[in-house]
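> need a 3D model of the sequence below.
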Amino acid sequence: MLPYLKDCPFSSDKILKFVVAISEKLGEINATHLYKPPTELRKKNRIKTIQSSLEIEGNTLTEEQITALLNNKKVLAPKKDITEVQNAINLYNKLNEFNPYLLKDLEKAHKILMNGLIDNAGKLRTSNVGIVKGAKVEHIAPSGSMVKGLMNELFNYLKKDEDIILIKSCVFHYEFEFIHPFLDGNGRMGRLWQTLILMQKYPVFEYLPIESLIKANQDTYYKVLSLSDKTGTSTPFIEFILEIILESLKNLLSIQNRTLTTPDRIELYKNITGNKEFSRKDYLINFKEISEATASRDLKWGVEQSILIKSGDKRLTKYQYKHLN
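Alright, predicted model coming up:
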């Protein structure tokens, strides 16, 4: 067993297998520089994510209608459905502004997501609720008086526990749904917050349409939530979500045969080096597949486009990004 899973209370053979496979796929993604897919693919996947997450909750808008809303075009659909989509677009556009380890940021995000849909958007519930599926009460959530304390405990686990981030993100997702901290919007918030947790370490998760695979396996999603409730362990849910993550990573690798251009490499390296000075040698370490001449052409192009500032001469030449967006 891997050292970081040895003492994990959620460990199982399936979890171990998925964690190893996911780690391998993340390695392939880093090696092929897919951690920030091309702009068009990022946009397409963002639309898929929003559409799938909201469809799970009963929203009727299609990917085409969401694309139209993104382009400020009018869409004929129920007002509530349009508001849900507009709120989700607004929230996903601000995703990098939130700290996944802060409860107050979760509340801010919920306020944006549920703006105009419920009266108490952004506020933890204080009343008691039960989750009904059809004619059956599927889950009795903890009492309203316990919610704040349980959420504080959950965020403490997220900040302090030594479980690996893949496991912690799944545990958080499950416990969030179990606590049901808001009167509405818990499903979409739980899924979004897991993405936010993961993308802190693995930027590719910002652009992975995991929601569409959850939507395709929606019945199983609810079954494993229920099974975890009944057995008192989140292991079935963790196994399910890890399998979804693995499939999402496989899909990204299978559809994307990416040949990097000069602008691609210059944009990608900005995410790696930030505002630090770097040399051509530093640049080549990250792009081992290109020659020294190609690296020189890349950096020359970056300077000509006013993206890079050049200083020094010959072997002492250094570069720095002019603007960090």
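
> show me where the stretch 201-325 of the chain has its strands.
Secondary structure of the stretch 201-325 of the chain (DSSP state E, counting those that start in this stretch): strands at 308-311, 318-321.

> quick one: the residue nearest to Lys201 when sequence neighbours are not counted from Thr126, how far?
In this structure, Lys201 finds its nearest non-sequential neighbour in Ile165, 5.2 Å apart by Cβ to Cβ, 6 or more residues apart in numbering. The C-beta positions use only the backbone N, C-alpha and C, and glycine is treated the same way. To Thr126, Ile165 is 31 Å away according to Cβ to Cβ, to the nearest Å.

> do Leu242 as well
From Leu242 to Thr126 the distance is 34 Å (Cβ to Cβ).

> which of those two has more residues huddled nearby?
Of the pair Leu242 and Thr126, Leu242 is the one with more neighbours under other Cβ atoms under 10 Å, namely 22 against 12.

> if we can go back for a sec, now do the residue nearest to Lys201, the pLDDT please.
Looking at Ile165, its pLDDT is 94.

> so what's it up against?
Neighbouring residues of Ile165 by Cβ atoms under 8 Å, 6 or more residues apart in numbering: 197-198, 200-201.

> cool, Asn286 as well?
Asn286 touches 268-269, 272, counting by Cβ under 8 Å, 6+ apart.

> neighbours around the residue lying closest to Ile238 once chain neighbours are set aside, how many?
Spatially, and ignoring its direct neighbours in sequence, Ile238 is nearest to Cys170 (4.2 Å; Cβ to Cβ, 6+ apart). Using other Cβ under 10 Å, Cys170 has 27 neighbouring residues.

> returning to that earlier point: now the contacts of Asn286: which count as buried?
268-269 (16 or more other Cβ atoms under 10 Å).

> in helices only, show me the contacts of Asn286.
268-269, 272 (DSSP state H).

> of the residues you listed, which is the nearest to Thr235?
Ile272 (35.9 Å; Cβ to Cβ).

> gap between the closest one and Lys36?
10 Å.

> got it, and Gly185?
29 Å.

> who has more neighbours, these two?
Between Gly185 and Lys36, counted using other Cβ under 10 Å, the more crowded position is Gly185 (22 against 18).

> could you find the closest non-adjacent residue to that one?
Met114 (4.7 Å).

> same check on Ile266?
Nearest non-adjacent residue to Ile266 (Cβ to Cβ, 6+ apart): Gly302, at 4.8 Å.

> just to check, that neighbour is in contact with Glu267?
No - under the criterion of Cβ atoms under 8 Å, Gly302 is not in contact with Glu267, lying 9.8 Å apart.

> between these two, which one's more packed in?
Gly302 (24 against 16).

> contacting residues for that one?
Gly302 touches 266, 308, 319, counting by Cβ under 8 Å, 6+ apart.

> 10 Å - rerun?
262-263, 265-267, 269-270, 283, 308-310, 319, 321-322 (Cβ atoms under 10 Å, 6 or more residues apart in numbering).

> same deal with Leu103?
124, 148, 151-152, 154-156, 158, 181.

> swap in Leu260?
Contacts of Leu260 by Cβ under 10 Å, 6+ apart are 32-33, 38, 266-268, 287, 289-290, 298.

> at 6 Å what do you get?
Applying Cβ atoms under 6 Å, 6 or more residues apart in numbering, we find Leu260 in contact with no residue.

> where in the stretch 151-300 of the chain is pLDDT low?
Scanning the stretch 151-300 of the chain for pLDDT under 70 picks out the ranges 256-258.

> quick one: contacts of stretch 200-212?
26, 29, 35, 37, 42, 45, 48-49, 52-53, 165, 195, 198-199, 244, 248.

> all helices for the stretch 101-250 of the chain, in order.
103-113, 147-160, 165-179, 186-199, 210-216, 218-231, 235-255 (DSSP state H, counting those that start in this stretch).

> which of the contacts of Ile165 count as buried?
197-198.

> and of the contacts of Ile165, the nearest to Glu63?
Leu198 (23.1 Å).

> doesn't Cys170 make contact with that closest one?
No - counting by Cβ atoms under 6 Å, Leu198 stays clear of Cys170, with 9.6 Å between them.

> look up how far Ser143 lies from the residue nearest to Ile238.
25 Å.

> what do you get for Ala31?
49 Å.

> then Tyr221?
Tyr221 is 25 Å from Ser143, by Cβ to Cβ.

> which one of those two is surrounded by more residues?
Ranked by neighbour count (other Cβ under 10 Å), Tyr221 and Ser143 place Tyr221 first, with 21 against 13.

> I figured the more buried one hits Leu213, correct?
No - shown here, Tyr221 and Leu213 do not form a contact pair, counting by Cβ under 6 Å, at 9.6 Å.
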